[in-house]
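[1] Give me a model of this one.
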Amino acid sequence: MEVTRREFLRLSATSAGALGFSPLGFKLDKATQVKLKLRIDGATVSHSVCPYCAVGCALVAYTRKSSNGQVELLQIEGDPDSPVNEGRLCPKGATALQLAVSRRRVASPLYRTPGATEWKRMSWDFALDKLAQNITASRDPTFVTVDADGNVVNRCEGIAFAGGAAFSSEEGYFATKVMRGLGIVYLEQQARV
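    Numbering: from 1, shown residues only. Model (predicted):
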């Protein structure tokens, strides 16, 4: 028996229509009675902006008060009403929830003394003092006041600074001003690298 292409398409369309309109023997009674409880049911919706770059993608955050009275962050996703990102997020923005609730997030400074194998929790005062000591120890011996031609340059050639991709525009501006104030000329931004 030879079936033409036209007959094959007609037979296929008729079969698909018949299968689509027939119940196929499935009973959907139980499936229609299933009620799902979503994690964000009854949550408060808050609008925010992604903290990573200067694009300004809009976020929607879902929060709820937990039994102990604290606000619990449940979900962060792109805002579909935003003209900037239309609900889509880049890989960094899609992980914004981890900024707040990651179990791996380090909440206080850790310090490992030279030669040690273990990290120890330290205070913020200790961390800032140690950072200032290290900057001074690197900056002072590598600070150049006059170049080879006798021009006053007042620059530090022993320190470089790389800004993080999580910097807002204001944080990037502030960091640049601080680094330029220290005389540092080697500045880079992670978002550009």
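
[2] Go through this structure and flag its longest strand.
    Secondary structure of the chain per DSSP state E: the longest strand is strand 152-163.

[3] Now the helix or strand that comes right after that strand: buried residues?
    Downstream of strand 152-163, the next assigned helix or strand under DSSP states H and E is helix 169-181. Counting neighbours by 16 or more other C-beta atoms under 10 Å, one finds that the buried residues in helix 169-181 are 172, 175-176, 179. Heads up, the C-betas are built off the backbone N, CA and C, glycines and all.

[4] List the contacts of helix 169-181.
    Contact partners of helix 169-181, identified using C-beta atoms under 8 Å, 6 or more residues apart in numbering, comprise 54, 161, 163, 167, 187, 189.

[5] any chance you could map the helices in this structure?
    With DSSP state H as the criterion, the chain has helices at 5-21, 29-33, 91-94, 97-101, 124-142, 169-181.

[6] Go through those helices and name the closest to Leu59.
    Evaluated over these, closeness to Leu59 peaks at helix 91-94, with 7.3 Å, by C-beta to C-beta.

[7] And for the closest one, what's in contact with it?
    Residues outside helix 91-94 that contact it (C-beta under 8 Å, 6+ apart) are 50, 52-53, 57, 59, 78, 85, 165-166.

[8] filter those residues to the buried ones?
    Buried members of the contacts of helix 91-94, counted by 16+ other C-beta under 10 Å: 50, 52-53, 57, 59, 78, 85.

[9] and which of those is nearest to Asp149?
    The nearest member of the buried ones among the contacts of helix 91-94 to Asp149, counting by C-beta to C-beta, is Cys53 at 39.5 Å.

[10] Ala96 against Cys57, yeah?
    No. Using C-beta atoms under 8 Å, Ala96 is not in contact with Cys57, being 9.5 Å away.

[11] overlap in contacts of these two?
    50, 89.

[12] ok, back up a step: which of the helices of the chain sits closest to Arg112?
    Smallest distance to Arg112 across the helices of the chain (C-beta to C-beta): 11.4 Å, for helix 124-142.

[13] what about that closest one, distance to the chain center?
    Between the centre of helix 124-142 and the centre of its chain there are 29 Å (C-alpha atoms, centre = their mean, to the nearest Å).

[14] same thing with stretch 109-119?
    With C-alpha atoms, centre = their mean as the basis, stretch 109-119 stands 28 Å off its chain's centre.

[15] Would you mind measuring the gap between the ends of that stretch?
    End-to-end span of stretch 109-119 (C-alpha to C-alpha, to the nearest Å): 10 Å.

[16] which of the helices of the chain sits most buried?
    The highest mean neighbour count among these, using mean count of other C-beta atoms under 10 Å, belongs to helix 91-94: a mean of 14.

[17] average model confidence for that helix?
    In this model, helix 91-94 has a mean pLDDT of 88.
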